[in-house]
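Engineer: sequence unavailable; structure follows:
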């Protein structure tokens, strides 16, 4: 439509589609709240976190989210869906984007920058500049895969299990996964093949 009409009608159509989609999700009961649950506070922020601190803090919080064991409310249904394999864990990892936990992104110049606001608070122009490259890469990937033939190939990323060892092998900071597992008394059942090979069984 952009080729034949002005921008405003296109924006109005997109807004109407977004509104309809959000209404449908809310009605279905599968909407993710933009607010943290009582007693589930953000990690104490550093006054001026550097890039590595922000990455570590983000990983700690995501692991805390993934360790939720109450599946009856809040983010519980999402975590249960991830643990059962019905949803990818990216559905939980996107929550800090919504709520505004500082996270690191590469800007248009390839430099690491810290985005300190989330969708709930609203993004600044600088935030958009920082997030635009990743968004464009994601759109390009989807466009590339859209017409690609479906191929069933073994994954080279290791097990997609949700247990401790599998999560640690996929994590950028494995120690955070082990620390959280120890704190909540989580036990590795060694039920998937990759984890058993990892420990020599």
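Structural biologist: Looks like it came in fine. None of these values were measured; they are calculated from a predicted model.

Engineer: and the end-to-end length of stretch 100-110?
Structural biologist: Start to finish, the residues bounding stretch 100-110 are 22 Å apart (Cα to Cα, to the nearest Å).

Engineer: hmm, who's touching that stretch?
Structural biologist: With Cβ atoms under 8 Å, 6 or more residues apart in numbering as the test, stretch 100-110 has contacts from 42-43, 45, 49, 51, 54-55, 57-58, 61, 96-97, 112-121, 129-134. Every residue, glycine included, has its C-beta placed from N, CA and C.

Engineer: just the buried ones from those residues?
Structural biologist: Buried members of the contacts of stretch 100-110, scored by 16 or more other Cβ atoms under 10 Å, are 49, 54-55, 57-58, 61, 96, 113-116, 118, 129-131.

Engineer: among the contacts of stretch 100-110, which lie within strands?
Structural biologist: Among the contacts of stretch 100-110, the members found in strands (DSSP state E) are 112, 113, 114, 115.

Engineer: closest to residue 172 among the residues you listed?
Structural biologist: Relative to residue 172, the closest of the ones in strands among the contacts of stretch 100-110 is residue 112; by Cβ to Cβ it sits at 13.5 Å.

Engineer: just give me the neighbour total for residue 164.
Structural biologist: 20 (other Cβ atoms under 10 Å).

Engineer: do the same with residue 77
Structural biologist: Residue 77: 15 neighbours (other Cβ under 10 Å).

Engineer: so which of the ones in strands among the contacts of stretch 100-110 comes closest to residue 68?
Structural biologist: residue 115 (24.3 Å).

Engineer: so the closest one touches residue 131, yeah?
Structural biologist: Yes: with contacts counted by Cβ atoms under 8 Å, residue 115 reaches residue 131, the gap being 6.5 Å.

Engineer: what is in contact with these two at once?
Structural biologist: Joint contacts of residue 115 and residue 131 (Cβ under 8 Å, 6+ apart) are 105, 123.

Engineer: how about the most centrally placed residue in the chain, nearest residue that isn't a chain neighbour?
Structural biologist: Closest to where the C-alpha atoms of the chain average out (Cα atoms, centre = their mean) is residue 93, at 2.0 Å. Once flanking residues are discounted, residue 93 sits nearest to residue 62: 5.5 Å by Cβ to Cβ, 6 or more residues apart in numbering.

Engineer: this completes my enquiry, with thanks.
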